[in-house]
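Enquirer: Below are the sequence and a predicted model for it; my questions follow.
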Amino acid sequence: MSQPKNEKSPRRGSKSRPQRQPQGNSSGQPGATKFDGIKITPLGGLREIGMNVTCYETSKHMIIVDCGLMFPEETQLGVDVVIPDFTYIVANASKVQGLFITHGHEDHIGAIPFLVRQVPKLKIFATRLVAGMIRHRLKERNLENAVTIIEVAAKDRVNVNDFSVEFIAVNHSIADACALAIDTPHGVIIHTGDFKIDYTPVDGRVIDLPSFARYGENGVLALLSDSTNTESVGMSATEGVVRQALDEEIEGCKGKVIVSAFSSNIHRIQTLMDIAKKFGRKIAFDGRSILNNTRIARETGYMHFEDEDIIPIKDTKGIAPQKLMIITTGSQGESLAALPRMANDGHAHVKIKPGDTIIFSSKTIPGNERSVSKLVNQLFLKGARVVYNNRRVHASGHAYQEEQKTMINLVRPKYFIPIHGEYRHLYLHSELAKSMNIPDQNIFILKNGQPLLLNEKEGKVLPEEVNGRVFIDGSSMEGVEEPVLMDRRSLGSQGIAVVHMAISQKDGELVSGPNLVTSGFELSAQTRKEIEDEIKEIFSSTYEEGKTQRLLRIDARRIIRKSMKKKADREPLVLPVITEI
Ligand SMILES: [Zn+2]
């Protein structure tokens, strides 16, 4: 067993806790930890929505299922994406036989470029559309040659040493999604990925329930199933119904039609394009992600349209409104996205006019309600007809309770592990499994980083492995540490305080200053003076000979912070500037 090399270990974010060192055999030498069973270690996606990564492992081999990212919370200023800590995978790199991808959503593929940099020569198994989307992401980072991508299709089986993995077609809000049946020396594990049951999907590719039933007949060790919509009773709507509803909403519209949809929902976009064609409207896409996804989907054969059906957004001004449909993003009210810019007259090519119809063919993601209602108000103010909160023009991509029950009933697993969801989703899904006669002791609500060891006899939760999050900053591939985030937060909400001081090189005596300059908030002359005096006093009394600049700055920062808090009740970002003369 050897430990991961430090330089390869990403810096971990705030969620990291003191944990034991990861067990691994990155050296590939004999002596790796032996265990009797199959070890399942989720590294992300449990008790949270996003960044799904799960490791399946025998004593000798490991496969990884999905490798997603998460978008940061509002308070994580300056962070673009959040990814799981891959230390555990890196420590076991020599065991890794491949990365298997269920579908092409960001929370399932978005962290691949980051994993690829840490685990060389990774083999990725994915269906054709997903492979196209992964290639696009890797190309953006100049990493397309760092991996081998093997395209598979539903019903294909991939054999990699201890594992034999079959891809099973499922329905979801993106084309070409699959569940995985993972055959291991200890039994079959079904990993659903995101799924729903849709008998009338746009592409006619209905979830392969007979395959799930076949595995159920032969005995399944464990089912890991999508919990996202476990609060929704009944069954999710089919895309066929959505198509009909959109058709009705768009028929007879006099002005231009603007529809916002999730950019990866290419079936929905195809539906909209078909309807546009039927009513003699040209299509303009607005938004880089929609353009990229439709291009990839068309190239890989998942979307069908003619060049003449499309016009660039910049050319839409010359088109009669009743001949135009714009498909756009920004349904969540994100201020920089296309639809909010149109609503604010900030869009270079599109103006909302009375008589236009705007359709939200998407749901409001929890947390975005305020910005969405603001956007809807602005659109009404422009005189548009707005179709929003209309359940008929959007269908969820995730199974509702009855579909989740169907999955459990077909697969009939010995063990049940709810995945993909916050804690309440996992809890409610486990209650659902209990109601279907899965014994309590065979249901496991896991945490990220918490391995579960399963064999024919028992299921056992093992001590936590290294886990956590890595915050990715800007276009770099590096993680930013939590202190950087803290700095940005205080800068944004509390302002900045710069303190200039000059000290004597000889004896550390304060020669000039401290001079306090602030930005982002005001201080009275009196308070400023008090703070400066206090800094002077404490700094002089704690100065020790031989302290380096860095230590002096740390000292000064601490003293200034304390004083600011005490005298002005503020916690700005503090920057001490110390000159030695
Ligand atoms: Zn998904």
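Expert: Sure thing, it's come through. These numbers were taken from a predicted model, which means no experiment stands behind them.
Enquirer: Contacts only, for residue 289.
Expert: 263-264, 329 (Cβ atoms under 8 Å, 6 or more residues apart in numbering). Where C-beta positions appear, they are placed from N, C-alpha and C, glycine not excepted.
Enquirer: ok, it to residue 104 distance?
Expert: As judged by Cβ to Cβ, to the nearest Å, residue 289 and residue 104 stand 12 Å apart.
Enquirer: What of residue 178?
Expert: From residue 178 over to residue 104 the distance is 11 Å, taken as Cβ to Cβ.
Enquirer: same question, residue 557
Expert: On the measure of Cβ to Cβ, residue 557 and residue 104 end up 46 Å apart.
Enquirer: which of the two has more neighbours?
Expert: When residue 557 and residue 104 are compared on other Cβ atoms under 10 Å, the one with more neighbours turns out to be residue 104, at 28 against 16.
Enquirer: wait, doesn't the more buried one sit right on residue 135?
Expert: No - at 10.9 Å, residue 104 does not count as touching residue 135 under the criterion of Cβ atoms under 8 Å.
Enquirer: who's in contact with the closest residue to residue 380 other than its chain neighbours?
Expert: In this structure, residue 380 finds its nearest non-sequential neighbour in residue 386, 5.7 Å apart by Cβ to Cβ, 6 or more residues apart in numbering. Taking Cβ under 8 Å, 6+ apart as the criterion, residue 386 is in contact with 357-358, 360, 376, 379-380.
Enquirer: And for residue 178?
Expert: Contact criterion Cβ under 8 Å, 6+ apart gives 102-103, 127, 154, 167-170, 193 as the residues in contact with residue 178.
Enquirer: for those residues, which one is nearest the ion?
Expert: Using Cβ to the ion, residue 103 is the member of the contacts of residue 178 that sits closest to the ion, with 5.5 Å.
Enquirer: Skipping adjacent residues, who's closest to that closest one in space?
Expert: Computed as Cβ to Cβ, 6+ apart, the closest residue to residue 103 that is not its neighbour in sequence is residue 177, at 3.7 Å.
Enquirer: Same question for residue 438.
Expert: Taking Cβ to Cβ, 6+ apart as the measure, residue 438 lies nearest to residue 416, with 4.9 Å between them; neighbours along the chain are not counted.
Enquirer: for residue 509, same thing?
Expert: Nearest non-adjacent residue to residue 509, counting by Cβ to Cβ, 6+ apart: residue 503, 6.6 Å away.
Enquirer: ditto for residue 343
Expert: Skipping the residues right next to it in sequence, residue 343 comes nearest to residue 378 by Cβ to Cβ, 6+ apart, at 4.0 Å.
Enquirer: One more: residue 322?
Expert: residue 254 (5.8 Å).
Enquirer: I'd guessed that neighbour sits against residue 355; true?
Expert: Yes - applying Cβ under 8 Å as the test, residue 254 and residue 355 come out as touching, 5.4 Å apart.
Enquirer: got any residues that touch both of the two?
Expert: Here residue 254 and residue 355 share the contacting residues residue 321, scored by Cβ under 8 Å, 6+ apart.
Enquirer: Same drill for those two, tell me which one is more crowded.
Expert: Regarding residue 254 and residue 355, a neighbour count based on other Cβ under 10 Å identifies residue 355 as having more, with 14 against 11.
Enquirer: Correct me if wrong: the residue nearest to residue 438 contacts residue 227.
Expert: No - applying Cβ under 8 Å, one finds residue 416 not in contact with residue 227, separated by 10.8 Å.
Enquirer: out of those two, which sits in the busier spot?
Expert: Taking residue 416 and residue 227 together and counting by other Cβ under 10 Å, residue 227 has the greater number of neighbours (30 against 24).
Enquirer: What is the neighbour count of the residue in the stretch 251-400 of the chain positioned nearest to the ion?
Expert: When scored by Cβ to the ion, the stretch 251-400 of the chain has residue 397 as its residue closest to the ion, at 6.1 Å. In terms of burial, residue 397 registers 28 neighbours under the definition other Cβ under 10 Å.
Enquirer: same thing with residue 219?
Expert: With neighbours defined by other Cβ under 10 Å, the count for residue 219 comes to 13.
Enquirer: That one is in contact with residue 188, isn't it?
Expert: Yes - under the contact definition of Cβ under 8 Å, residue 219 touches residue 188, with a separation of 7.2 Å.
Enquirer: for the residue lying closest to residue 95 once chain neighbours are set aside, what are its contacts?
Expert: Using Cβ to Cβ, 6+ apart and skipping the chain neighbours, the partner closest in space to residue 95 is residue 62 (4.2 Å). Residues in contact with residue 62 (Cβ under 8 Å, 6+ apart) are 55-56, 89, 92, 95-97.
Enquirer: Show me what the longest helix seen in the chain is in contact with.
Expert: Using DSSP state H, we find that the single longest helix of the chain is helix 549-568. Contacts of helix 549-568 with the rest of the structure, by Cβ under 8 Å, 6+ apart, involve 497, 499, 501, 503, 514, 523, 527, 530-531, 534-535, 538-539, 542-543, 547, 570-572, 574-576, 578, 580.
Enquirer: Can you give the distance of it from its chain's centre?
Expert: Using Cα atoms, centre = their mean, to the nearest Å, the mean C-alpha position of helix 549-568 is found 37 Å from that of the whole chain.
Enquirer: Residue numbers of the chain in contact with the ion?
Expert: When proximity is defined as Cβ under 5 Å from the ion, the chain approaches the ion at 105, 194.
Enquirer: what domains does the record give for the chain?
Expert: The record assigns the chain these domain ranges, following automatic domain parsing: 34-234+396-480, 239-393, 482-580.
Enquirer: got the residue ranges for the helices in the stretch 151-300 of the chain?
Expert: Under the criterion DSSP state H, counting those that start in this stretch, the stretch 151-300 of the chain contains helices at 209-218, 239-250, 266-278, 288-299.
Enquirer: any idea which of these is most buried?
Expert: With neighbours taken as mean count of other Cβ atoms under 10 Å, these reach their highest mean count in helix 266-278, at a mean of 22.
Enquirer: got the residue ranges for the strands in the stretch 451-581 of the chain?
Expert: 452-454, 459-461, 469-473, 479-480, 496-503, 510-519, 573-580 (DSSP state E, counting those that start in this stretch).
Enquirer: Each with direction, which strands does the longest one pair with?
Expert: Meaning strand 510-519. In the sheet, strand 510-519 lines up against strand 496-503 (antiparallel) (DSSP bridges).
Enquirer: Repeat that for the third one.
Expert: Within its sheet, and counting by DSSP bridges, strand 469-473 is paired with strand 79-84 (antiparallel), strand 479-480 (antiparallel).
Enquirer: Report the mean confidence score over the shortest one.
Expert: If I follow you right, that is strand 479-480. The average pLDDT for strand 479-480 rounds to 64.
Enquirer: And stretch 48-63, by the same measure?
Expert: Stretch 48-63 comes out with an average pLDDT of 94.
Enquirer: Can you mark which positions in it are buried?
Expert: Using 16 or more other Cβ atoms under 10 Å as the burial criterion, the residues of stretch 48-63 that qualify are 48-59, 61-63.
Enquirer: From residue 105, how far off is the residue most central in space within the chain?
Expert: The residue at the geometric middle of the chain, judged as the C-alpha nearest the mean C-alpha position with Cα atoms, centre = their mean, is residue 70 (2.3 Å). With distances taken as Cβ to Cβ, residue 70 is found 11 Å from residue 105.
Enquirer: ok, now residue 96?
Expert: As it turns out, when the distance is counted by Cβ to Cβ, residue 96 lies 22 Å from residue 105.
Enquirer: Then residue 151?
Expert: Residue 151 is 18 Å from residue 105, by Cβ to Cβ.
Enquirer: quick one: which of these two has more around it?
Expert: The neighbour count for residue 151 versus residue 105, taken as other Cβ under 10 Å, is higher for residue 105 (25 against 15).
Enquirer: quick one, phi psi at that one?
Expert: Note on residue 105: backbone dihedrals following degrees, to the nearest 10 are phi -70, psi 150.
Enquirer: re the thing from before, just the buried residues of stretch 48-63: which are in strands?
Expert: Per DSSP state E, strands hold the following members of the buried residues of stretch 48-63: 53-57, 62-63.
Enquirer: Taking those residues together, which two end up most distant?
Expert: Looking at those by Cβ to Cβ, the two members farthest from one another are 53 and 57, with 12.9 Å of separation.
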